[in-house]
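1. coords below, sequence missing:
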């Protein structure tokens, strides 16, 4: 597999290498059964719920698009990732802590609030994709290297 990636790297621009490595990593993990294909697709496409409903207290700091992505995680990925089952409610209850995490310079290096504190590496990627897509490349690089 490493040989394939080395040949692939030769033909890519530097800015595309992380994307190629990530997609290859997701494919391998999916084939091994270590990663749900729907979740991998959701991470790549940034899927969002079509009718996310009101944001409540989260509207003070979270945009509509981010809320729609969080609602997608709670409704579509909760079977494979149980931490997402109560995520929307937990975020409402702990809005100040989530706002602090959201506003941090490098949220990928901080522990997430509440139940999400125990999130695995891929769950963290999904959360960053939903809330802080600007920090996803740094987290993705760490994920792929691990």
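-> Noted; the coordinates are in hand. Because the structure is predicted, anything quoted here is derived from the model rather than measured.
2. you'd agree residue 111 is up against residue 117?
-> Yes. At 5.2 Å, residue 111 counts as touching residue 117 under the criterion of C-beta atoms under 8 Å. To be clear about C-beta, it is placed using only N, CA and C from the backbone, and glycine gets the same treatment.
3. overlap in contacts, these two.
-> Common neighbours of residue 111 and residue 117, counting by C-beta atoms under 8 Å, 6 or more residues apart in numbering, are absent.
4. residues contacting the residue nearest the centre of the chain?
-> By C-alpha atoms, centre = their mean, the chain has its centre lying nearest to residue 126, at 1.4 Å. Residue 126 sits next to 39, 42-43, 73, 77, 81, 84 when contact means C-beta under 8 Å, 6+ apart.
5. buried residues of the worst-scoring helix or strand of the chain on mean pLDDT, list them for me.
-> For the chain, counting by mean pLDDT, DSSP states H and E, helix 2-10 ranks last in confidence among helices and strands (a mean of 75). Of all the residues in helix 2-10, not one is buried under the rule 16 or more other C-beta atoms under 10 Å.
6. what of stretch 15-31?
-> Residues of stretch 15-31 classed as buried: 18, 21-22, 25-26, 30 (neighbour count, 16+ other C-beta under 10 Å).
7. show residues contacting it.
-> With C-beta under 8 Å, 6+ apart, stretch 15-31 has contacts from 1, 4-5, 8-9, 12, 35-37, 40, 43-44, 137, 140-141, 143-144.
8. give me the mean pLDDT for that stretch.
-> For stretch 15-31, mean pLDDT rounds to 88.
9. how about stretch 120-139?
-> 96.
10. straight-line length of that stretch, end to end?
-> Criterion C-alpha to C-alpha, to the nearest Å; first-to-last residue distance in stretch 120-139 is 12 Å.
11. give the buried residues for it.
-> 122-132, 135-136, 139.
12. quick check: longest helix of the chain.
-> Using DSSP state H to define each element, the chain has its longest helix at helix 14-32.
13. that one: what's the following helix or strand?
-> helix 37-45 (DSSP states H and E).
14. for that following helix, buried residues please.
-> 39-40, 42-43.
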